[in-house]
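> got a predicted model here, sequence first, then my questions.
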Amino acid sequence: MASLCAGVLLVVVSVPLGLAFVSYDAGGGLIKEVGLVPSLNWSIVLVFLFPGALFAALRTRRFLERTLKALPQNRMLVRRDWSQASEEDAALLVADVWRAGAPVGLFLFSIALGVGVWDYFTVVYSPLLTGELPVAPGETDFAREIDWSIAALLVDRATTDVPGVTTNLVFSTIAYVLLIGQIAYLFSFFGLLVGLAIILSGLSEGDRAVLITPDATSEDRRRGFERFTGFFMGVLAVAMLCYLACYFMRVQNLFLRTHEYGRIDQLLFNPIAASLSDKLDVPVDWESGLMTVAMTVAKLIAKALMRFLNSVFTTGDLADLQAYLGIGMILISVLLVVMALFAVLRGAAQDSRQIIEQAIADPEQATAVEAYYGLSRETIRERVKEQGMDEWPLEWPTLNTFVTYLALGLACFFFYRLALLWIALQLWQILRSWPTK
């Protein structure tokens, strides 16, 4: 909530300071809009996406702790002699997760902090301190850019009112501190996920005093692992919001380094609109034979389709430092951590099922297993066998859907206009399935 309020306040304050809407003459008759409000990587990411991700991350951490501490009561944490684990065992498990995740989280936090501070000094502090634009308007620089954060240096080229250097520097510093803090915390959250993956992997390998097991008494086919659903959905929410932030940053950075469009919407929509509206220079001779007309029409359709696909499947220029270091690092971290976490948790469900099957097959342990669950060994075996237990803990998305969306997300990040087509298809699907009565 504090992060959300700070972001909203920042946008509100930017209006009287002249930073909300900044435009300048980029040369060649192009007026480029680089204000805070139309900048996707600030007005949307800073105000909505990152605060939402922070809220989801904090809520997910609390949900995970409650879920882990409740494992003994839910018959999912047992000692190696098949006696019920205690609250102390669960508390120790939670502490081990934090302990395993802390070094990774601190490492990722430090990386995010370092990259953010370096980017601030390169893009904002150094230009404002020297009083010189970091790159000439109309030219492209690998590490530097021109936007509202150095608007005070655009006095001779600005088409709007701009603040003084001191005001600009103070405001930009506050904005960067807020953004860097949000990113750094989210990176530390990824460290927590790595810690959880390490501990669960150790549990499934049997190198600890306790074991994680399915709840054979549960009527749900996930046999107790459905209790992790809230945690899974929280991780997905954080990953999705971070991905959207990465996407908007990637598009905005491309816009700042592109000298064909004055507004961000032109970069996104104009080529697609042109591909649909431009006339094709393949005349149809309607007096020719039917086969000739058909072939000509087919060529027209194929040419129109190729023009449309060329406008959608374009990566633009990826040669900017923010895309390689900042955005790329966040995106890779989100995808790798989420994929690893899901693989480990699904693996834990598989291993826990095998632990019970092996215990039931052992005459010395079978009686203890029956006593632990209060069920016959035949019932236990039936419920935890491969056909009787779902190892994927979510009802939606399914495993196949998750992998599909992951691949589609990667494609949309690089072919940035593909995301618009995907959104249009989703809206069409919603409207098509909308109840008519």
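Cool, the structure landed. Numbering: from 1, shown residues only.
> pLDDT weak spots in the chain?
Residue ranges of the chain with pLDDT under 70: 142, 204-207, 275-297, 299-300, 303, 316-337, 340-341, 429-430, 433-437.
> buried residues in stretch 404-423, which are they?
Going by neighbour count (16 or more other C-beta atoms under 10 Å), the buried part of stretch 404-423 is 406, 409, 412-413, 416-419, 421. Every C-beta, even on glycine, is put in place using the N, C-alpha and C of the backbone.
> who are the contact partners of F269?
With contact set as C-beta atoms under 8 Å, 6 or more residues apart in numbering, F269 has these partners: L420.
> how far away is it from S311?
10 Å (C-beta to C-beta, to the nearest Å).
> same check on Q426?
Counting by C-beta to C-beta, the gap from Q426 to S311 is 20 Å.
> which one of the two is surrounded by more residues?
Neighbour comparison, Q426 and S311: the larger count goes to S311, with 17 against 10 (by other C-beta atoms under 10 Å).
> quick one: secondary structure of the more buried one?
Taken by DSSP: H, G, I helix; E, B strand; the rest coil, the conformation at S311 corresponds to helix.
> buried ones in the longest helix anywhere in the chain, by neighbour count?
Ranked by residue count under DSSP state H, the longest helix found in the chain is helix 165-204. For helix 165-204, the neighbour count (16+ other C-beta under 10 Å) marks 165, 168-169, 171-172, 175-176, 178-201, 203-204 as buried.
> elements contacting that helix?
Contact here means 3 or more C-beta pairs under 8 Å, 6 or more residues apart in numbering; DSSP states H and E; on that basis helix 165-204 packs against helix 2-17, helix 50-69, helix 87-120, helix 126-130, strand 210-212, helix 229-256, helix 328-361.
> would you reformat the ones you listed as CSV and include distance to I301 and mean neighbour count?
CSV is the format used below for the helices and strands packed on helix 165-204 (distance: least, C-beta to C-beta, whole Å; neighbours: other C-beta atoms under 10 Å):
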stretch, distance to I301, mean neighbour count
helix 2-17, 46, 15
helix 50-69, 43, 19
helix 87-120, 46, 17
helix 126-130, 50, 16
strand 210-212, 57, 21
helix 229-256, 30, 22
helix 328-361, 36, 18
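> now these as CSV including distance to V37?
As requested, the helices and strands packed on helix 165-204 are exported to CSV (distance: least, C-beta to C-beta, whole Å):
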stretch, distance to V37
helix 2-17, 7
helix 50-69, 17
helix 87-120, 21
helix 126-130, 21
strand 210-212, 49
helix 229-256, 12
helix 328-361, 23
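> nearest to G35, of those?
For G35, the closest of those is helix 2-17, at 7.9 Å, according to C-beta to C-beta.
> ok, and what's touching the helix or strand just after that closest one?
Sequence-wise, the next helix or strand downstream of helix 2-17 (DSSP states H and E) is strand 23-27. With contacts defined as C-beta under 8 Å, 6+ apart, strand 23-27 is touched by 31-35, 137-138, 146, 154, 157-160, 259, 262.
> buried ones in strand 23-27?
For strand 23-27, the neighbour count (16+ other C-beta under 10 Å) marks 23-26 as buried.
> among the residues you listed, which one sits closest to S83?
S23 (71.1 Å).
> for that closest one, name its beta-bridge partners.
On the basis of DSSP bridges, S23 is bridged to E33.
> quickly list the domain ranges of this protein.
Here the domain parsing of the chain from automatic domain parsing is 2-258+320-395, 262-315, 396-437.
> end-to-end on the first one?
Separation of the first and last residues of domain 2-258+320-395 by C-alpha to C-alpha, to the nearest Å is 33 Å.
> just give me how far stretch 22-40 sits from the chain centre.
Mean-position distance between stretch 22-40 and its chain equals 28 Å (C-alpha atoms, centre = their mean, to the nearest Å).
> residues of that stretch that come out buried?
Buried residues in stretch 22-40, counting neighbours by 16+ other C-beta under 10 Å, are found at 22-26, 32-40.
> give me the most central residue, this structure.
Residue closest to the average C-alpha location in the chain (C-alpha atoms, centre = their mean): Y243, at 2.5 Å.
> my guess is it contacts G409. True?
Yes: counting by C-beta atoms under 8 Å, G409 is a contact partner of Y243 at 5.8 Å.
> which residues touch stretch 56-70?
Contacts of stretch 56-70 (C-beta under 8 Å, 6+ apart): 87, 90-91, 93-94, 97, 185-186, 189, 192, 196, 227-228, 230-231, 234-235, 237-238, 241.
> sketch out the helices for the stretch 301-437 of the chain, chain order is fine.
For the stretch 301-437 of the chain, helices defined by DSSP state H, counting those that start in this stretch occupy the ranges 321, 328-361, 363-373, 377-384, 399-414, 418-432.
> what comes into contact with the third one?
Taking C-beta under 8 Å, 6+ apart as the criterion, the residues outside helix 363-373 that touch it are 75, 78, 81-84, 216-217, 356, 359-360, 376-377, 380.
> and if we set it to 7 Å?
75, 78, 81-82, 84, 216-217, 356, 359-360, 376-377, 380 (C-beta atoms under 7 Å, 6 or more residues apart in numbering).
> same check, this time on the fifth one
Residues from elsewhere that reach helix 399-414, judged by C-beta under 7 Å, 6+ apart: 243, 246-247, 250, 315, 331, 335, 392, 397, 418-419, 422.
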